[in-house]
Every structure is written in structure tokens, then in C-alpha cells.
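[1] Everything below, folded, please.
(one chain, ligands or ions: 1)
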Amino acid sequence: MGATAARLASAPGRINLLGEHVDHQGGTVLPVAVNLRTTVSYTPGDAWAFLSEGHDDGGDWTRYVRAVLDILAEEGHDLVPGRLAITSRVPEGRGLASSAALEVAVAGAVSDAMPFDLMHLCRRAENEKVGVPCGLMDQAVAACAISGHALALDCRDGTFFHLPLPEAELLLFDPGIERTLADTPYAERLAEAGKPGSAAARHVAEENARVARGIELLDKGDAEEFGDLMFESHASLRDLYRCSLPALDTLVDELARVRGVYGARLMGAGWGGCVVALVEPGVRLEGGQLLVSDDGLYRMAADDADNGS
Ligand code: GLA
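    Model (predicted):
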């Protein structure tokens with residue numbers, strides 16, 4: 001069914017604790033929703049109209065909107081055209097999955113699809129209509145995450161459970177390297193990952209083992225040892241999956257020398273984007289943004305407080 005009355009839907013961006021570049025190979029991932037959301041206000045009318053506050057006007061964000069509307073229509077959702085007014089607080093091109101937040105918020109505003117279906121529909125929209133062969137992680141966390149928990153997502157079928165975050169803080173460091181996923185070697189490396197014996201396939205196998213161990217550690221609330229897995233993940237993304245950049249490596253190396261930093265790694269697809277760090281509660285690091293806190297509330301560092309969701 002499509003929506004017939006005005007309504008509002010929103011979806012968050014995400015960070016990812018562990019499990020990078022394994023979703024497209026059917027691995028398990030541990031993403032966490034952040035307190036930055038994309039909100040879509042839908043008003044039924046005679047024709048589709050798309051307006052966006054947080055997006056560049058000339059940007060190609062409308063292709064994500066159209067992709068979702070096309071997939072919903074193909075899936076038999078009887079959509080009523082209307083005006084979509086979009087406000088996005090998820091920065092674009094930073095590895096925070098802004099396109100998935102947009103897709104899920106649009107689908108939630110115009111249809112009655114349930115969260116589990118939303119994630120699959122929106123992933124298909126990105127794969128089949130936008131042409132990016134991404135895995136399920138970003139759309140799943142945008143549709144199904146709850147606050148204060150990682151979404152332990154089995155990407156073979158989208159089943160998941162919510163895992164409480166350990167007593168630690170998650171900080172995000174942004175060296176300011178913007179990129180669009182479609183312009184990275186994402187698809188090329190994904191193809192390599194499917195070839196047994198390749199460096200990328202080795203990354204996937206080892207990252208899967210790290211995630212399995214990471215879930216045990218989160219179960220015990222062991223943030224410190226979990227952090228070691230994050231450093232290992234970064235080294236593997238740098239050396240085997242080859243999706244890091246010198247600026248990200250330098251940041252991770254610097255963080256590794258700071259007392260109270262349990263772990264850090266590049267996050268998201270790579271070739272740009274941010275570094276996520278797991279940090280002892282109360283430790284303040286220059287340039288870090290507090291995105292997710294152990295009390296389950298999402299909040300920003302003081303200077304970003306007006307961004308709150
Ligand atoms: C992007 C993709 C995800 C995932 C990550 C890497 O965010 O959209 O599906 O593959 O890269 O883990």
C-alpha cells in the first residue's frame with residue numbers, strides 16, 4: 001500500500017564497529033545508528049515533487065529518491081504521487097551512509113512497508129536502479145537499528161539481533177576527504193573478494209572471524225579487547241582490502257598512541273570517509289565528535305548540539 005495522508009518518516013546515518021566489506025559476501029556486521037537523521041515529509045498531491053534542505057540543489061540525490069519510488073512501484077505498492085520535503089543531517093560522502101538514510105526515509109514516508117522489508121527494498125533500489133552493488137548493512141541499520149545498541153546483522157538474509165554497546169564512547173574523526181561510493185573501486189574490489197585466494201577474499205574471511213569474536217566480547221562488555229579487533233580490522237582494510245588512504249592510516253596510528261583509545265579504524269567503504277574510535281568514557285580527544293554514548297542516548301559534542309535529532 002502507498003500512503004494516502006501526509007506523514008513524516010526519518011532514518012539515521014550509521015557508523016560501523018566491525019565487519020567492513022563483508023556484507024556483500026554474506027558476512028555479519030556490527031553497525032550502530034548515529035544521532036544524525038534524514039527526515040522526509042510527504043504530502044499527497046497530483047505529481048511528484050522533490051525538495052531538499054540538507055542536500056546540494058544540483059546534486060544527484062534525486063536518483064536515490066526515484067530509485068526507491070521505482071522499486072516500490074515494481075513491488076506492487078500503489079503509490080500516490082506527492083511532495084517530498086527532505087531535511088538531511090547526515091553528511092554526504094563521509095562514509096556515514098547518507099544515501100541509505102535517504103532511501104529508507106523516503107520509502108517509509110510514501111509506503112506502508114515494514115522495517116524488515118524496507119531494508120531489502122532499499123538495497124535493491126541501490127543495486128538495481130542506482131547501480132551500486134552494495135551489501136545490506138546501510139539500509140538495514142537505517143531501517144532497523146535501535147539506540148544504544150549495535151545491530152548484529154547476518155547479511156545472508158537480513159536477520160539480526162540488538163547488542164548493547166559496551167561502556168565506552170564512540171568518536172568519529174573526519175579528515176575531510178569527500179567521495180561518492182559510485183566513484184570508488186567498490187565494485188572492482190567486491191569482485192576480487194569473490195575470488196578464493198585473493199587478498200580481498202582473505203580480508204573477508206579474517207574479518208568474519210573478528211566479528212564472531214567481537215560479538216563474544218560485546219556480550220561480555222569487554223571494550224578494551226574489542227578495540228584490538230578494530231585496529232586489526234584497519235590493518236587488514238589497508239593491506240589486504242586496499243581501501244585505505246594515507247590520511248586515514250595516519251589518524252589511526254596517532255589514535256593508537258593515545259591512552260584511553262581502545263581501538264580505531266577506517267569505517268564504511270573507505271577511499272575517504274571517517275575513522276571511528278572506541279574510547280574510554282570521559283577521555284576527550286581534539287577533533288572527535290561524540291556520536292553515540294554508552295547511556296544509549298545519541299548526542300553530539302557541545303558545538304554540534306543544535307544538530308540533535
Ligand atoms: C558501503 C556499502 C555497504 C558496505 C560498506 C563496507 O557503505 O554501502 O554495503 O559494503 O561500504 O563495509
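
[2] where does the stretch 51-200 of the chain have low pLDDT?
    54-59 (pLDDT under 70).

[3] all strands of the stretch 101-250 of the chain, in order?
    Per DSSP state E, counting those that start in this stretch, the stretch 101-250 of the chain carries strands over the ranges 149-154, 159-164, 169-173.

[4] May I see those arranged in JSON lines, with mean neighbour count and distance to Y42 as well?
    Placement of C-beta: from N, CA and C, glycine included. Output for the strands of the stretch 101-250 of the chain, formatted as JSON lines (neighbours: other CB atoms under 10 Å; distance: least, CB to CB, whole Å):
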{"stretch": "strand 149-154", "mean neighbour count": "22", "distance to Y42": "26"}
{"stretch": "strand 159-164", "mean neighbour count": "15", "distance to Y42": "27"}
{"stretch": "strand 169-173", "mean neighbour count": "23", "distance to Y42": "30"}
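
[5] As JSON lines, those strands with distance to the ligand would be great.
    Converted to JSON lines, the strands of the stretch 101-250 of the chain look like this (distance: least, CB to the nearest ligand atom, whole Å):
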{"stretch": "strand 149-154", "distance to the ligand": "11"}
{"stretch": "strand 159-164", "distance to the ligand": "15"}
{"stretch": "strand 169-173", "distance to the ligand": "15"}
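
[6] Run through the residues that contact the most far-flung residue of the chain relative to its centre.
    For the chain, the residue at maximal distance from the C-alpha centroid (CA atoms, centre = their mean) is D46, at 33.8 Å. Contact analysis of D46 by CB atoms under 8 Å, 6 or more residues apart in numbering lists P81.

[7] Which single helix of this structure contains the most residues?
    helix 199-220 (DSSP state H).

[8] tell me which residues of that helix are tucked away?
    Using 16 or more other CB atoms under 10 Å as the test for burial, helix 199-220 gives 200-204, 207-208, 210-211, 213-215, 217-218.

[9] Which residues does it contact?
    Identification of contacts with helix 199-220 by CB under 8 Å, 6+ apart yields 17-22, 25, 27-30, 150, 152, 163-166, 189, 192-195, 225-226, 229, 232-233, 236-237, 239-242.

[10] How about the residues of the stretch 101-250 of the chain by the ligand?
    C134, G135, M137, D138, L181 (CB under 6 Å from any ligand atom).

[11] Verify the contact between the last one and G131 for me.
    No. Taking contacts as CB atoms under 8 Å, L181 lies outside contact range of G131: 10.6 Å.
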